[in-house]
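Participant: Kindly generate the corresponding structure for this input.
(2 chains)
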Amino acid sequence: MTRVVVTGMGWITPLGNDLDTVWKRMCNSESAIATIDRFDASSFPTKFAGQVRDFDWTAYVNDSAIHHSPAMNSQFALGAAKQAWEQSGLDNFKQLNLERAGIYMGAGEGVLDFSAHSMIDTHSWDVEDDKVDPVAWAKFAQDSLDEWGEVEQEPNMPLWHVAKEYGLRGPAFNCLTACAASTQAIGEATSVLLHGDADVMLTGGAHTMLHALGITGFNRLTALSTYDGDPKKASKPFSKDRGGFVMGEGSGMLVLETLEHALARGATPIAEIVGFGSSADAYRITDLHPEGRGPAAAITNALSQANIDPKATVDGKPLVQYISAHGTSTQENDSIETKAIKLVFGENAPNVPVSSIKSMMGHLIAAAGSVELITCIMSIQTGMLVPTINLDTPDPELDLDYVPNVAREAQVDCCVSNSFGFGGQNNTLVVKRFNN
Amino acid sequence: MSMVDSKVVISGVGIISCFGEGIDVLWDAMLEGRTGLKRIERFDPSGFTSQVAGELAEDAFKVRKIVPKSHRKATKVMCRDTELAVGASMLAVASAGLATAGTGDAPPTLQPNRVGCHIGAGLIAADVNELGAALVTSKKEDGTFDLAHWGSEGMQNLTPLWLLKYLPNMLACHITIVHDCQGPSNAITCCEAASALSIAESRRVIQRGDADACLSGGAEDRVNPLALYRQHCTGRLADSDGSGDMSSLVQPFSEHATGTVIGEGGGIMIVESAVSCEARGGSPWCTIDGIGCRQSFADSPLDADPQAIASAITRALEESDSTIDEIDVIVPLGSGIRQVDSAERDGLHTIFKDRLDSIPTITTIPYTGNCMAGNSGISIGIAAKVLREQKLPARLGAEQTPGIDAGTCDATDMNIRNILCITAGEGGQCVAIVLGRISS
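Facilitator: Numbers count the residues shown, from 1 in each chain, chains lettered A, B, ... in the order given. Take a look at the predicted model:
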């Protein structure tokens, strides 16, 4: 039977731009949330976010000239992909059949030039008709917008840039299931390998909505935290006083391979993807199913694929040692996710540590899941569980072990990583320590 | 994790195009050789050099009339792309003879958690009138935009759920809610390749045993100022003010082609395991026998790559266990974009050699415009219809198409065993799909 292993991983996050730095900072319970300085958000209901800093994408490519001014999401993807590619050793594997090397991204759209668009829409506004004059709008757009910048808006552009950088010619997909996208991408990339369509898949996510229109949209949804204290305290998943999510940005990328291919080229598997579950709530656009039907189905399906009984124990211990929660810090998500975990794990639920790294770096939207899966693999590698910080006021309704505030040592061999998207698309991955 | 192989069929087709609701109105137009392209009426396109589209007439499609009563309120938070996808899904489900939560009180034909949903979507363009109405409230006296006012007050003029209209996964999400599809669900965002990749994913999901059937395909609306502008930026549009003969405006594979035109619409299929279809007494349109997906290595994301196209075809033929002699018809993208057409022809020639110019093609874009994420949903739906009807529709465009049989012609009957559908989308994703006739 074909097995799929991880041979490389990398990330660009608000907490740093390499595996070790980010991991150390998470183990130290640090927060990357700070005042937004990419645009003047001082009048916005939300003025803070987890922002990527000290990142120059040109340091992560061989020849920046081939990349046609990538948008920021593509820049992040290139940064994370280089780390993953190098760790996998594929940069030195000249025999790689590039038509058997594919890419599955869960990337968001490019960054909209809000300054230009707001000028165009307001200048072309016809007061008498109470709508935009389309002829004037077209003229202002053609005079003001960067044409290539608009092309870079397409969500499949990070895919193009990364594929171009590494010469990937195999199966290529981009999905955008909101906050569940990169978990879905990794799950489906695994499926592509199992289907026999490729030997190697570069996969993950990249996204930034850290711009004026992005913050506007989530502010209007009242999904973002408007906490008025220290920004580092704003993201508080599973806390009673949680008040919405905090925007983040970045990318997480992984190299997946069939075990056969990895071993044949002498690569060292880091971990094994053993389960993927996808489901739809099919309930409401704005609300999760109150019983956690969709998330529970995704977790159940993933564990079933992995042949893991969530209610079983060995020597009194559950077979899953860590759950990376979607854990957004919204009232609804954290409550429903807790309910779903209890539904699936039954009496084992209190004994499975659950934490949310969104407490430290914010919500990376489409990229969140891939960064969180890497967190799981780092836990397996290092024997450390990273905490949910800002969990100072426990919610009596939420009674799982959320690894509050402080990292802890643990023997971790198997992890579950959850991602649930706006609109009800749910995805879960199960990753295990590689054992041949 | 493991794969459970099974035969997969298309058991229902729903299309919405500029001709209106349903595959039959498009099919009739294609038999008659009647284009749906005309000057844009939804807004004054005079500011653009390309003023033509495959645009639905204003009263031709109202989503509120087609969705179940329980979902009518939710149509207020649908963008046009979502409306088109939901409408096409209603037609697809009806075409397959399925009962779902969206079709009435009858119990669902299939278990909801065994029905998946994979929908191709585009970069959904904001309605400039809706956004502009909010933005002008933050205009300073000197005419400049006041970001500080926007943050404190102006944004309140946007409806709270504004963002939800524009998330590409909303097409799939509304469809899952309407039909109560609780199985695997995804939103593929790969321009013209999106629908075809969605069908590829649905097939894979069924073959790995995670679903018995999936609603699959895509939809997109490019007939609005921002989306038209974005296509204008690619330099791929044919210039026209809409006067003259629109049936030859888009000329796939012609040396004189000047570009493509925008459209709105999409196609949703019911992709189903053959076992499930047979068990419920369904009537499949065709089999999905092989799929190949590849990424272009061209220097620009706007350019197609013949090698990637050829490789995708090779993989699809391998999977389908078909030889090139068993392919009777080809459905290419055929966009009228000269570089892309040229790459398609070269890629096809690599596989079919000199036989290429004797295999008839079918091109839909001269009829419907380029519906981007919905485009391959439409063209694959038409391919399924061709296999069912054993009839080739008429072709529009140019008379001469060197090296490939894509010039203008009338509809004709034909014995068709297998059809090869290919698409090479903006961003470099290439898909080849081999569809087979249902054997009696």
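
Participant: so what's the backbone phi/psi at A:S324?
Facilitator: A:S324 adopts backbone torsions of phi -90, psi 110, taken as degrees, to the nearest 10.

Participant: now swap in the one 3 residues further on and tell me
Facilitator: According to degrees, to the nearest 10, the main-chain angles of A:G327 amount to phi 40, psi 60.

Participant: For it, list the residues it contacts.
Facilitator: Counting by CB atoms under 8 Å, 6 or more residues apart in numbering or on different chains, A:G327 touches A:237-238, A:333-334, A:337, A:354-359, A:388. C-betas here are computed from N, CA, C, even on glycine.

Participant: ditto for A:F173
Facilitator: With CB under 8 Å, 6+ apart, A:F173 has these contacts: A:103-105, A:159, A:185, A:188, A:192, B:188, B:190, B:197, B:201, B:293, B:429.

Participant: Just the buried subset of these, please.
Facilitator: Those of those that meet the buried threshold are A:103-105, A:159, A:185, A:188, A:192, B:188, B:190, B:197, B:201, B:293, B:429, by 16 or more other CB atoms under 10 Å in any protein chain shown.

Participant: Narrow those residues to those in strands?
Facilitator: Under the assignment DSSP state E, those contribute A:103-105, B:188, B:293, B:429 to strands.

Participant: Which of the contacts of A:G327 sits closest to chain B?
Facilitator: Nearest to chain B out of the contacts of A:G327 is A:N333 (CB to the nearest CB; 15.7 Å).

Participant: Going along the chain from the helix ranked longest in chain B, find the next helix or strand for me.
Facilitator: Longest helix in chain B, counting residues (DSSP state H): helix B:80-96. Using DSSP states H and E, the helix or strand that follows helix B:80-96 in sequence is strand B:115-120.

Participant: elements contacting the following helix or strand past that next one?
Facilitator: Note on strand B:115-120: by DSSP H and E, the next helix or strand toward the C-terminus is helix B:128-135. With contacts taken as 3 or more CB pairs under 8 Å, 6 or more residues apart in numbering or on different chains; DSSP states H and E, helix B:128-135 sits against helix A:114-123, strand A:125-126, strand A:131-132.

Participant: number of nearby residues for the closest residue to chain A within the stretch 301-440 of chain B?
Facilitator: Nearest residue of the stretch 301-440 of chain B to chain A (CB to the nearest CB) works out as B:G427 at 3.9 Å. For B:G427, the neighbour count with other CB atoms under 10 Å in any protein chain shown is 27.

Participant: How about the contacts made by it?
Facilitator: Taking CB under 8 Å, 6+ apart, we find B:G427 in contact with A:154, A:156-157, A:159-160, A:174, B:190-191, B:193, B:301.

Participant: returning to what we had before: now the longest helix of chain B and strand B:115-120, what's the angle there?
Facilitator: Helix B:80-96 and strand B:115-120 are oriented at 140 degrees to each other (axes from the mean of the first three to the mean of the last three CA atoms, to 10 degrees).

Participant: Spit out the contact partners of the residue lying closest to B:V128 once chain neighbours are set aside.
Facilitator: Leaving out its chain neighbours, the residue that sits closest to B:V128 by CB to CB, 6 or more residues apart in numbering or on different chains is A:V132, at 4.7 Å. Going by CB under 8 Å, 6+ apart, A:V132 touches A:121, A:124-126, B:128-129, B:132, B:225.

Participant: what are the bridge partners for A:V132, then?
Facilitator: Beta-bridge partners for A:V132, by DSSP bridges, are A:W125.

Participant: quick one: it from A:P396, how far?
Facilitator: A:V132 is 51 Å from A:P396, where distance means CB to CB, to the nearest Å.

Participant: Chain B versus the most centrally placed residue in chain A, what's the distance?
Facilitator: Centroid-nearest residue in chain A, with CA atoms, centre = their mean: A:A368, separated by 1.7 Å. Computed as CB to the nearest CB, to the nearest Å, the A:A368 to chain B distance reads 14 Å.

Participant: What is the burial count for the residue nearest to B:G104 when sequence neighbours are not counted?
Facilitator: In this structure, B:G104 finds its nearest non-sequential neighbour in B:P68, 7.8 Å apart by CB to CB, 6+ apart. By the criterion of other CB under 10 Å, B:P68 has 14 neighbours.

Participant: Kindly tell me how buried B:S198 is, as a neighbour count.
Facilitator: There are 34 residues near B:S198, going by other CB under 10 Å.

Participant: Is B:I188 in contact with A:C175, as I believe?
Facilitator: Yes. If you go by CB atoms under 8 Å, B:I188 and A:C175 touch, sitting 5.5 Å apart.

Participant: ok so, going back, show me what contacts the residue nearest to B:G104?
Facilitator: B:101-104, B:178.

Participant: Quick check: of the contacts of A:V132, which has the highest neighbour count?
Facilitator: In terms of neighbours by other CB under 10 Å, the contacts of A:V132 top out with B:P225 at 29 neighbours.

Participant: unless I'm mixing things up, that one is touching A:A138, no?
Facilitator: Yes. If you go by CB under 8 Å, B:P225 and A:A138 touch, sitting 6.5 Å apart.

Participant: From B:R64, how far off is the closest residue to A:S144 other than its chain neighbours?
Facilitator: Counting by CB to CB, 6+ apart, A:A116 is the residue found nearest to A:S144 once chain neighbours are left out, at 4.9 Å. According to CB to CB, A:A116 stands 35 Å off from B:R64.

Participant: Please, which helix or strand holds whichever residue of chain B sits closest to chain A?
Facilitator: Nearest to chain A in chain B, going by CB to the nearest CB, is B:G47, at a distance of 2.6 Å. Remark: B:G47 resides in no helix or strand, with elements defined by DSSP H and E.

Participant: What ranges does the chain have for its helices?
Facilitator: Defaulting to chain A. A:19-27, A:72-88, A:114-123, A:134-144, A:147-151, A:157-166, A:181-194, A:212-220, A:259-264, A:293-305, A:331-345, A:358-361, A:368-382.

Participant: That was the other one, I meant chain B.
Facilitator: For chain B, the helices defined by DSSP H occupy B:23-32, B:63-66, B:80-96, B:128-135, B:147-152, B:162-165, B:170-179, B:194-207, B:225-233, B:274-279, B:306-320, B:338-352, B:365-368, B:375-389.
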